[in-house]
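Participant: Could you work out the structure for the sequence below:
(one chain, ligands or ions: 1)
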Amino acid sequence: MTTTEPKMTDNGEIEDLDVILVGAGFAGLYLLDRLRSMDMTVRVIEAGAGLGGVWYWNCYPGARVDSSGPIYQYSRDDLWRNWQFSELYPSWQEIRDYFRYVDEKLDLSRDIRFNRRVTEAQFDSSRNRWIVRSDDGSVATARYFGLCTGLGSKPYIPDLPGLSDFAGERHHTALWPQQGLDMAGKRVGIIGTGASGVQVAQEVAGVAAHLTVFQRTPNMALPMRQMKLDNDAVSRMKERYPAIYDRRTKTFAGSDIDFLQQAGFDVPDDERQATFEQVWEEGGFAPWVGSFNDILVNEEVNRAAYEFWRDKTRARIDDPAVAEMLAPTEPIHPYGVKRPSLEQNFYEIFNQSNVSLVDLRSTPIERVTLGGVKTTIGEHDLDVLILATGFDAVTGGLTSIDIRGTEGKTLKEKWAGGVRTHLGMAVSGFPNLLFMYGPQSPNAFANGPTCIELQGEWIAQLLDHLRQSSHTRIEATVPAEEAWRAQVLALADVTLFPRADSWYLGANIPGKLREILAFTGGLPAYMAKCRESAERGY
Ligand SMILES: Cc1cc2nc3c(=O)[nH]c(=O)nc-3n(C[C@H](O)[C@H](O)[C@H](O)COP(=O)(O)OP(=O)(O)OC[C@H]3O[C@@H](n4cnc5c(N)ncnc54)[C@H](O)[C@@H]3O)c2cc1C
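Facilitator: Purely as a prediction, here's the structure:
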């Protein structure tokens, strides 16, 4: 790998960079390495103090990935051969170790500026360059500006009355203290039962004097079927890695599983139940994106899948009233249209005497008090309050930077009436700006590293094409992004996704426009569109 060190002035200004990237997670690191290999000068600016993106911030107890380890890594031969996770679904600690390993192998950190949050970026049309400012006063300029801010970099903290009055420890899961937090013997409350809420509840239930889980919407969580992996198991799995990495580019969710080539009511009832049983035993996301191919579009099939999930889940919960809250007889929304979590013992913790569940639909929170949380029917005394309240997902990381293109408008202003992108990577009026794993790409519907490698390679080839053809500026056209938006919305309209108030639609954030934020046509269809664009000269 060859790189030339960019010149840095005394006041920290970096000149003559080819590319500035924001974010040192899977996406930023992929592009850093790939673009350096093309002899481009690249800097990554990262708000956190370490590598890993979401795995730097989400270090709460129990944080782990819901994609299996073999697919939740780069597919490069020279990286996977000497790396192994000790569990099928690795913890945040191991994912951080993985990033340290990648850093050692690829020598990435020297081109990363940590503890620096990008606050403003302005396109200078006279020079076709971006001027990028950060919270430490530093300024950098580059021809291309790559936003690798991920889908979960802006935590959402609900505006609960009295929240700041709480006298105990209060933390959002994605802003967890890096030094950890001892919750042994404490009275702990968790607000939220999304992916983070489920994970942290499982851990806290084992150590806390009492855990109170405040639930608004039941999570249709699926069995993780976690496994410890010894050397033999890893060796056997690695024999299949090349095939797995090839396959993950061809499946709907960039995963090692895919929808069946069968619709739910094309088979007799007993066969349908047997299939539900089979994907259930397989575990992970198999009962979701490894089940019948119409499970997320056909109401009847979806209902059958819900009932299967409900009955399996209720059988694990002792108290029928609690079971009704966690797995209601009638679904609150269709099955699988909010991101299901993978759980290990989430439902069993509610059989423990030190765990209680509060249904916020029937008894909403009135306020947070000095000593706990007060709902309409009483107060819960707490020493620790955990906000597992998610993110201003997908767009939040982008719109929280004051990015101004050629029309003087910020990206946030531009998207106020709905997100507009071309291929989920570029925006009109914002030349030479590209983003990965962003809105209107498959993002949340694709395994992170798969989507990132494919988009990253596409971007690298685009920049190479521009260089070869001596172009200094590229920009999405308005008709292209209007067409892309129409396609993204139309694809989602035939699914059941719009039927739940999920973060997939921005519906978890008060005031955020409710619209699908991802391309729901699957990764292969998405990449075909990207390739088509490239073949037509972008
Ligand atoms: C708790 C959690 C669990 C997840 N589990 C899965 C899973 O099971 N499978 C899966 O495929 N995906 C999962 N994801 C999605 C995950 O985002 C992707 O897998 C992957 O991490 C995306 O990588 P990225 O580099 O695009 O973004 P990220 O990993 O989000 O990294 C973005 C980085 O950008 C930095 N940043 C943002 N704004 C600024 C700024 N203004 N200035 C400087 N730096 C900035 C952030 O600090 C962060 O480090 C999960 C996400 C979360 C939050």
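Participant: Could you pick out the residues of the stretch 51-200 of the chain near the ligand for me?
Facilitator: 53-54, 56, 58, 65-67, 117-118, 148-153, 195-196 (CB under 6 Å from any ligand atom). To be clear about C-beta, it is placed using only N, CA and C from the backbone, and glycine gets the same treatment.
Participant: burial of the closest residue to residue 512 other than its chain neighbours, as a residue count?
Facilitator: What sits nearest to residue 512 in space, not counting adjacent residues and going by CB to CB, 6 or more residues apart in numbering, is residue 506, at 4.0 Å. Look at residue 506: counted by other CB atoms under 10 Å, it has 22 neighbours.
Participant: who's in contact with residue 506?
Facilitator: 392-395, 512-515, 517 (CB atoms under 8 Å, 6 or more residues apart in numbering).
Participant: Ok, residue 240 next?
Facilitator: Residues near residue 240 by CB under 8 Å, 6+ apart: residue 70.
Participant: let's see it at 10 Å
Facilitator: 70, 247, 256 (CB atoms under 10 Å, 6 or more residues apart in numbering).
Participant: Quick check: PyMOL command selecting the buried ones in the residues you listed.
Facilitator: Command for PyMOL that selects the buried part of the contacts of residue 240, burial taken from 16 or more other CB atoms under 10 Å:
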select buried, resi 70+247+256
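Participant: Looking at the stretch 101-250 of the chain, which residue is nearest the ligand?
Facilitator: Relative to the ligand, the nearest point of the stretch 101-250 of the chain is residue 150 (2.0 Å; CB to the nearest ligand atom).
Participant: On the secondary structure side, give me the element for that residue.
Facilitator: Under the criterion of DSSP states H and E, residue 150 resides outside all helices and strands.
Participant: Neighbours of it, how many?
Facilitator: So residue 150, with other CB under 10 Å, has 29 neighbours.
Participant: just checking, it touches residue 29?
Facilitator: No: in this structure, residue 150 is not within contact of residue 29 by CB atoms under 10 Å, at 11.8 Å.
Participant: Would you mind listing what in the protein touches the ligand?
Facilitator: 22-28, 45-48, 53-54, 56, 58, 65-67, 117-118, 148-153, 195-196, 397, 401, 436-437, 447-448, 452.
Participant: Quick check: strands, which of those are part of them?
Facilitator: 22, 45, 118 (DSSP state E).
Participant: What residues does the last one make contact with?
Facilitator: Counting by CB under 10 Å, 6+ apart, residue 118 makes contact with 20-23, 45-47, 132-135, 138, 140, 145, 147, 149, 400-403.
Participant: try it again with 7 Å
Facilitator: Residues counted as contacts of residue 118 (CB atoms under 7 Å, 6 or more residues apart in numbering) are 22, 45, 132, 134, 401.
Participant: On the three-state scheme, the nearest residue to residue 75 once chain neighbours are set aside is what?
Facilitator: Take residue 75 and drop its neighbours on the chain: the residue closest to it by CB to CB, 6+ apart is residue 245, 3.8 Å away. Following DSSP: H, G, I helix; E, B strand; the rest coil, the label given to residue 245 is helix.
Participant: again with residue 277
Facilitator: With three-state DSSP as the criterion, residue 277 reads helix.
Participant: Next, count neighbours for it.
Facilitator: By other CB under 10 Å, 13 other residues sit near residue 277.
Participant: ok, now residue 19?
Facilitator: Residue 19 sits with 24 neighbouring residues when counted by other CB under 10 Å.
Participant: list the helices and strands the helix or strand hosting it packs on?
Facilitator: If you go by DSSP H and E, residue 19 is part of strand 14-22. Judged by 3 or more CB pairs under 7 Å, 6 or more residues apart in numbering; DSSP states H and E, strand 14-22 is in contact with helix 26-36, strand 42-45, strand 139-147.
Participant: any idea which of the ones you listed is most buried?
Facilitator: Burial of the helices and strands packed on strand 14-22 is given as mean neighbour count (mean count of other CB atoms under 10 Å); helix 26-36 ranks first at a mean of 25.
Participant: residues in contact with it?
Facilitator: Residues from elsewhere that reach helix 26-36, judged by CB under 7 Å, 6+ apart: 1, 3, 19, 21-22, 42, 44, 53, 102, 106, 108, 111, 146, 148, 150, 436-437, 448-449, 452-453, 456, 459-460, 463.
Participant: Show me what residue of the stretch 401-538 of the chain gets nearest to the ligand.
Facilitator: At 2.4 Å from the ligand, residue 448 is the closest residue in the stretch 401-538 of the chain, using CB to the nearest ligand atom.
Participant: Please name the nearest non-neighbouring residue to that residue.
Facilitator: In space, residue 448 is closest to residue 26, 5.6 Å off (CB to CB, 6+ apart).
Participant: for the helices and strands packed on strand 14-22, which one sits closest to residue 372?
Facilitator: Between residue 372 and those, the tightest spacing by CB to CB is seen for helix 26-36, at 38.5 Å.
Participant: report the angle between the axes of that closest one and strand 139-147?
Facilitator: Between helix 26-36 and strand 139-147, the angle comes out at 110 degrees (axes from the mean of the first three to the mean of the last three CA atoms, to 10 degrees).
Participant: Give me the angle between helix 26-36 and strand 14-22.
Facilitator: Angle between the axes of helix 26-36 and strand 14-22 is 140 degrees (criterion: the same axes, to 10 degrees).
Participant: Give the rounded mean pLDDT of helix 26-36.
Facilitator: Mean pLDDT, computed over helix 26-36, is 98.
Participant: just stretch 268-279 next, same as before
Facilitator: On average, stretch 268-279 scores 98.
Participant: What of stretch 355-369?
Facilitator: Computed over stretch 355-369, the mean pLDDT rounds to 98.
Participant: Under the pLDDT cut-off, which ranges of the chain? List them.
Facilitator: Within the chain, the stretches with pLDDT under 70 are 1-15.
Participant: Of the residues of the stretch 51-200 of the chain next to the ligand, which count as buried by neighbour count?
Facilitator: Buried members of those, scored by 16+ other CB under 10 Å, are 53-54, 56, 58, 65-67, 118, 148-153, 195-196.
Participant: Leaving out sequence neighbours, find the closest residue to the most centrally placed residue in the chain.
Facilitator: Ranked by distance to the mean C-alpha position of the chain (CA atoms, centre = their mean), the top residue is residue 151 at 4.8 Å. Nearest residue to residue 151, sequence neighbours excluded (CB to CB, 6+ apart): residue 394, at 4.7 Å.
Participant: okay, now that neighbour: neighbour count?
Facilitator: Using other CB under 10 Å, the number of residues around residue 394 comes to 29.
Participant: which ones are touching it?
Facilitator: So, once contact is read as CB under 7 Å, 6+ apart, residue 394 ends up touching 151, 438-439, 443, 517.
Participant: let's see it at 10 Å
Facilitator: Neighbours of residue 394 in contact, by CB under 10 Å, 6+ apart: 149-152, 154, 419, 424, 437-441, 443-444, 503-506, 516-518.
Participant: again, but for residue 448
Facilitator: Residue 448 sits next to 25-27, 53-54, 65, 67, 71-73, 150-151, 254, 436-437 when contact means CB under 10 Å, 6+ apart.
Participant: so which of these comes closest to residue 475?
Facilitator: Set against residue 475, the nearest of these by CB to CB is residue 436 (17.5 Å).
Participant: residue ranges of the helices in the stretch 51-200 of the chain, please?
Facilitator: 54-57, 77-80, 92-106, 195-204 (DSSP state H, counting those that start in this stretch).
Participant: That should have said the stretch 351-500 of the chain, apologies.
Facilitator: For the stretch 351-500 of the chain, applying DSSP H, counting those that start in this stretch gives helices covering 396-399, 411-414, 448-468, 478-493.
Participant: among those helices, which is the most enclosed?
Facilitator: Stretch with highest mean neighbour count among the helices of the stretch 351-500 of the chain: helix 396-399 (a mean of 23; mean count of other CB under 10 Å).
Participant: Show me what that one is in contact with.
Facilitator: Contact with helix 396-399 is made by 22-23, 47, 147-156, 391-392, 410-416, 419, 421, 427, 433, 435, 437-439, 503, 506, 509, 512, as judged by CB under 10 Å, 6+ apart.
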